[in-house]
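1. Generate a structure from the sequence data that follows.
(one chain, ligands or ions: 2)
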Amino acid sequence: MSERTPAMPTDSPPNGFLWGAATSAYQIEGSPLADGAGPSIWHRFAHTPGRVLNDDTGDIACDHYSRWREDVALMASLGLNAYRFSVAWARILPEGTGRVNQAGLDFYRHLVDALLEQGIEPMLTLYHWDLPEALDARGGWASDASPGWFADYAQILYRALGDRVRLWITLNEPWVITAGGYLYGDLAPGHCNPRESAIVAHNLLRAHAAASASGRAEGIERIGLAVNLEPQDPASDSPEDQDAAARRDAFINRWFLDPVFFGRYPAQMQTIFGTDWPDFSASELDALRAPPDFVGVNYYSRSVVRADPTAQPVGARRVRQDTRPHTAMDWEVHPQGLTDILVWIQGRYGNPPVYITENGAAFEDPQPVAGRLRDRERLAYLRSHLRAASRALRRGVDLRGYFAWSLLDNFEWSYGYAKRFGLVRVDPVDRQRLIKDSGRFYRDAIRRYGGGR
Ligand SMILES: OC[C@H]1NNC[C@@H](O)[C@@H]1O
Ligand SMILES: [Ca+2]
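-> Ligands and ions are numbered 1, 2, ... in the order given. Sure thing, here's the model as predicted:
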């Protein structure tokens, strides 16, 4: 089979299946302070020397804030019938609460209208890591008031765009927000405080519940939660490694899904955090129960895990699979993990509707030659993971769409522009877009197997 033959499975996805691509505001927009927008914690973090590789910032990024019309045309040329993006909270509420910045609302309304004109279904993420700086100054996600701030912000967007946008996501990857921003400190706001991280996670869950409730009050019917999920395979069948994998599974995969579906945290959280784990009351736990209308699954890789008491707080460490291919993020290429995690959700949480809201890979790209960029590894990653998604469909998973991460090469947080996930290249100098071979492959797969627009 030539590398250009789209190798989707024999059975096509269900009717109405969404074939999309995903981005987020701070990673692609640029112009972070334009038209009355306020600074976010990522604007501040990126401008803090030493926090981001090469001291890259999102000041320009993909310049999507100016080029959004061109980018919608690009999506249409790829044949996408859906597009997942996030709203920069501080464009809407420059101080995080209070005064609404109409120019910020207008930007997203114009974007949504352009998508709808092209028959592209918008999927709107309310929060993709860029908290208004003004709210961080008031305690940020560690503040008891943060769920209320978020619900109010969400309500403004529900009222402004609820007649056009049908698919909403409250939070992107609450685990990464918590672990990156408050435990390991590699992401904004850069704290390293286990007890604070447990409180932040709890407030994020309260915020999801509050924004879900305010959405239902506005008649919004499909509100999801996007979570990064990563199968944890024990390195051996020793009890120590099995327990380590179970702890890391609880820590990464169940810390947020168990509360929203069951109103309780995984038992291992107390073991992992020890005295840093707050003493939540039964009513506080029950208040977290807010089953999403769909689960957004962000899948990249799996981990092989062995016990390691020195690797705190989980007491477990990843074991690199040196004989297997890895991406430029040093993540093992493991398509079967996508099938496994989708089947796991089906079994554990009662077969909820699921979208793959992120899946993709960074690789060192070759230079384009005569208008062609032959990103073979990314194309192979895409093909193998589309097949893995199809295997989950055959297992009866209620999978309703696939969003490639990412439409464009963009700002990869603490890696800056050094890691490129785009199906479309963005020139580092003039930001010219160029569809890579992986993008052409995706377009052909959509034509052959997609529901079309
Ligand atoms: O690391 C790749 C992606 N992972 N999920 C969240 C996105 O913002 C990242 O770019
Ligand atoms: Ca521990």
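2. wait, what's in contact with the nearest residue to residue 218 once chain neighbours are set aside?
-> Nearest non-adjacent residue to residue 218, counting by Cβ to Cβ, 6 or more residues apart in numbering: residue 158, 4.1 Å away. In short, each C-beta sits where N, CA and C put it, glycine included. By Cβ atoms under 8 Å, 6 or more residues apart in numbering, the contact set of residue 158 is 168, 214-215, 218, 220.
3. Now the stretch 1-150 of the chain against ligand 1: closest residue?
-> Proximity of the stretch 1-150 of the chain to ligand 1 (Cβ to the nearest ligand atom) peaks at residue 24, 5.1 Å away.
4. Work out for me the element the residue nearest to residue 218 sits within.
-> Assigned by DSSP states H and E, residue 158 belongs to helix 146-161.
5. what is the mean pLDDT for that helix?
-> Averaging pLDDT along helix 146-161 gives 98.
6. Please compute how far that helix lies from its chain's middle.
-> Distance of helix 146-161 from its chain centroid, counting by Cα atoms, centre = their mean, to the nearest Å, is 19 Å.
7. Which of the residues in it are classified as buried?
-> Buried residues in helix 146-161, counting neighbours by 16 or more other Cβ atoms under 10 Å, are found at 146-147, 149-158, 160-161.
8. CSV please, covering the residues you listed and showing distance to ligand 1.
-> Shown next, in CSV, are the buried residues of helix 146-161 (distance: Cβ to the nearest ligand atom, whole Å):
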residue, distance to ligand 1
146, 20
147, 22
149, 21
150, 18
151, 23
152, 24
153, 19
154, 19
155, 25
156, 23
157, 19
158, 23
160, 24
161, 21
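9. where does residue 123 land in three-state SS?
-> Secondary structure state of residue 123, per DSSP: H, G, I helix; E, B strand; the rest coil, is strand.
10. try the one 3 residues further on
-> The three-state label for residue 126, taken from three-state DSSP, comes out as strand.
11. For it, grab the count of nearby residues.
-> Counted with other Cβ atoms under 10 Å, residues neighbouring residue 126 total 23.
12. Surely it touches residue 157?
-> Yes. Between residue 126 and residue 157 there is a contact under Cβ atoms under 8 Å: 6.5 Å.
13. Endpoints of stretch 116-128, how far apart?
-> Distance across stretch 116-128, first residue to last, is 22 Å (Cα to Cα, to the nearest Å).
14. If you count neighbours, what's buried in it?
-> Residues 120-128 are the ones in stretch 116-128 that count as buried (16+ other Cβ under 10 Å).
15. Next, the one residue in the stretch 151-300 of the chain that gets nearest to ligand 1: secondary structure please.
-> The stretch 151-300 of the chain approaches ligand 1 most closely through residue 298 (5.2 Å), counting by Cβ to the nearest ligand atom. Assigned by three-state DSSP, the conformation of residue 298 is strand.
16. Look up how far residue 208 lies from it.
-> Distance, residue 298 to residue 208, using Cβ to Cβ, to the nearest Å: 15 Å.
17. And those two? Which one has more around it.
-> Set side by side, residue 298 and residue 208 show more neighbours around residue 208, with 29 against 21, by other Cβ under 10 Å.
18. Now do the contacts for the more buried one.
-> Residue 208 neighbours (Cβ under 8 Å, 6+ apart): 170-171, 174, 225, 260, 290, 292.
19. So which of those belong to strands?
-> 170-171, 225 (DSSP state E).
20. Give me the buried subset of these.
-> Buried members of these, counted by 16+ other Cβ under 10 Å: 170-171, 225.
21. Reformat the residues you listed into TSV and put pLDDT and distance to ligand 1 next to each item.
-> Below are those laid out as TSV (pLDDT from 0 to 100; distance: Cβ to the nearest ligand atom, whole Å):
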residue	pLDDT	distance to ligand 1
170	99	15
171	99	11
225	98	14
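22. so which of those comes closest to residue 63?
-> Nearest to residue 63 out of these is residue 171 (Cβ to Cβ; 26.4 Å).
23. what about stretch 415-435, start to end distance?
-> Start-to-end span of stretch 415-435 (Cα to Cα) is 22 Å.
24. Which positions within it qualify as buried?
-> Neighbour counts over stretch 415-435 (16+ other Cβ under 10 Å) mark 415-417, 419-426, 431, 433, 435 as buried.
25. Closest to ligand 1 out of the residues you listed?
-> Top of the list for closeness to ligand 1, among the buried residues of stretch 415-435 and by Cβ to the nearest ligand atom, is residue 421 at 5.8 Å.
26. which bits of the protein sit near ligand 1?
-> By Cβ under 6 Å from any ligand atom, the part of the chain that sits against ligand 1 consists of 24, 27, 173, 298, 358, 405, 412, 421.
27. Which ones among those lie within strands?
-> Judged by DSSP E, strands contain the following of those: 298, 358, 405.
28. Include pLDDT and distance to residue 96 when you put those into TSV, please.
-> Listed next are these as TSV, based on pLDDT from 0 to 100; distance: Cβ to Cβ, whole Å:
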residue	pLDDT	distance to residue 96
298	99	25
358	99	26
405	98	27
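29. one step back: would you format the contacts of residue 158 as TSV with distance to residue 319 and pLDDT included?
-> Output for the contacts of residue 158, formatted as TSV (distance: Cβ to Cβ, whole Å; pLDDT from 0 to 100):
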residue	distance to residue 319	pLDDT
168	38	98
214	44	97
215	41	98
218	47	98
220	43	98
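30. Measure how the helix holding residue 158 sits relative to strand 121-127, angle-wise.
-> Here helix 146-161 points in a direction 150 degrees away from that of strand 121-127 (axes from the mean of the first three to the mean of the last three Cα atoms, to 10 degrees).
31. shift numbering so it begins at 35
-> Okay, using 35 as the starting number, the last item reads as helix 180-195.
32. Dump helix 180-195 to PDB, restricted to CA.
-> What follows is helix 180-195 as a C-alpha-only set of coordinates in PDB (Å, rounded to 0.1, in the frame of the first residue of the first chain):
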ATOM      1  CA  SER A 180     -12.400  30.400  41.100                       C
ATOM      2  CA  PRO A 181     -15.400  28.200  40.200                       C
ATOM      3  CA  GLY A 182     -17.700  31.200  40.400                       C
ATOM      4  CA  TRP A 183     -15.300  33.300  38.200                       C
ATOM      5  CA  PHE A 184     -15.300  30.500  35.600                       C
ATOM      6  CA  ALA A 185     -19.100  29.900  35.600                       C
ATOM      7  CA  ASP A 186     -19.700  33.600  35.100                       C
ATOM      8  CA  TYR A 187     -17.200  33.700  32.200                       C
ATOM      9  CA  ALA A 188     -18.800  30.600  30.700                       C
ATOM     10  CA  GLN A 189     -22.300  32.100  30.900                       C
ATOM     11  CA  ILE A 190     -21.100  35.200  29.000                       C
ATOM     12  CA  LEU A 191     -19.900  32.900  26.200                       C
ATOM     13  CA  TYR A 192     -23.000  30.600  26.300                       C
ATOM     14  CA  ARG A 193     -25.200  33.700  25.800                       C
ATOM     15  CA  ALA A 194     -23.000  35.200  23.100                       C
ATOM     16  CA  LEU A 195     -22.400  32.000  21.100                       C
END
